[in-house]
Structures are given as structure tokens and as C-alpha cells.
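A.B. asks: next one to model:
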Amino acid sequence: MLGERIPLQVQDVSLSGNCDPCTFEWSGNSRISFEEGDYTLNYSAPLTENHLISSFSKPYTARVILPPDLSVKNPLLGMVSPGAIVTPMDDGSTAIRWNETESLEVRFYDQGREEILLFFGNFWIILAIVLLLPFILTWRRRQG
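C.D. replies: Below you'll find the model as predicted:
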């Protein structure tokens, strides 16, 4: 979020709306232009981390679709920015939608990260029991 904007290399760009066909022009490596109007812009882009942040110059309706192997359900591992509507899809993917937002943020995770969190949590619970058990047993003996 800080610093200069870095253009995202995208592919499979398509424009749809009240036009047939909707055309746009590339200018540079990462900028497209088209006539003013109400359009839906679709594109695919690779993600190298588990965190997506995007900002816009004015409010837009935005939607992010996560594939079936990624999730945002666990609040310890994933999150979505305020105003998001999270909808599970029939194919196992997750659709996240913002209405009239100037920015969006999604932190997602895969099944492996959730398993590591469960292992880590169980490890600390067992460690706490092992360390507290002698204290509890001696405390009961002093009481009795």
C-alpha cells in the first residue's frame, strides 16, 4: 500500500457491457483504454503471495474468485476487508464481492496452512497441560 504503484501483468483480458463486441486498446504493457460507460472488466493474474490488495481512483464494484483449494473462512489465517460479501460457490470456489469500494484486501490460505495452525495449537495445549499438571497435583495435595 505504500510507495509507487506497480503494474500487474495480466492475461485473458476481456471487456463486457452494453456493446457487441466490446473493444479496448492496449497502451503500454499494463494499461487499457475504452470508451466511457458501464463495463465489466475480467482478467487473470498470477499471485505470488497469499495476500491481495487493490485500490481504485473512484468507487467500483469488485469481485474476487478464489479457486477451491484456497479459503478465507478461518479468521486466524484469512480475512477480507470490510464491506465484502463472501459466497461459497457450488464448485468449491469462493466468490468475494464489494459494492462501491475504493479498495479491497483479501488474505487467503490453503489447506496446508490450516493443518500447520491446528498442529501448532495442539502442541501448545499439550505443552500447557504437561507443565501445569505437576502444579495442579501438588496444589490438590496441599489442600487435602
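
A.B. asks: helices along this structure, start to end?
C.D. replies: In chain order, the chain shows helices spanning 111-143, with DSSP state H as the criterion.

A.B. asks: where does it dip in pLDDT?
C.D. replies: Applying pLDDT under 70 to the chain flags the ranges 1-3, 5, 29, 144.

A.B. asks: next up, the contacts around the residue nearest the centre of the chain.
C.D. replies: The residue at the geometric middle of the chain, judged as the C-alpha nearest the mean C-alpha position with C-alpha atoms, centre = their mean, is residue 106 (2.8 Å). Residue 106 makes contact with 51-52, 64, 66, 72, 78-81, 84, 96 under the criterion C-beta atoms under 8 Å, 6 or more residues apart in numbering. In this view, the C-beta of every residue, glycine as well, is placed from N, C-alpha and C.

A.B. asks: which one of these sits closest to residue 39?
C.D. replies: Within those, distances to residue 39 taken as C-beta to C-beta reach their minimum at residue 64, with 17.7 Å.

A.B. asks: kindly provide the distance from the residue nearest to residue 17 when sequence neighbours are not counted to residue 9.
C.D. replies: What sits nearest to residue 17 in space, not counting adjacent residues and going by C-beta to C-beta, 6 or more residues apart in numbering, is residue 39, at 3.9 Å. As judged by C-beta to C-beta, to the nearest Å, residue 39 and residue 9 stand 21 Å apart.

A.B. asks: quick one: which of these two has more around it?
C.D. replies: Relative neighbour count places residue 39 above the other of residue 39 and residue 9, with 15 against 9, counting by other C-beta atoms under 10 Å.
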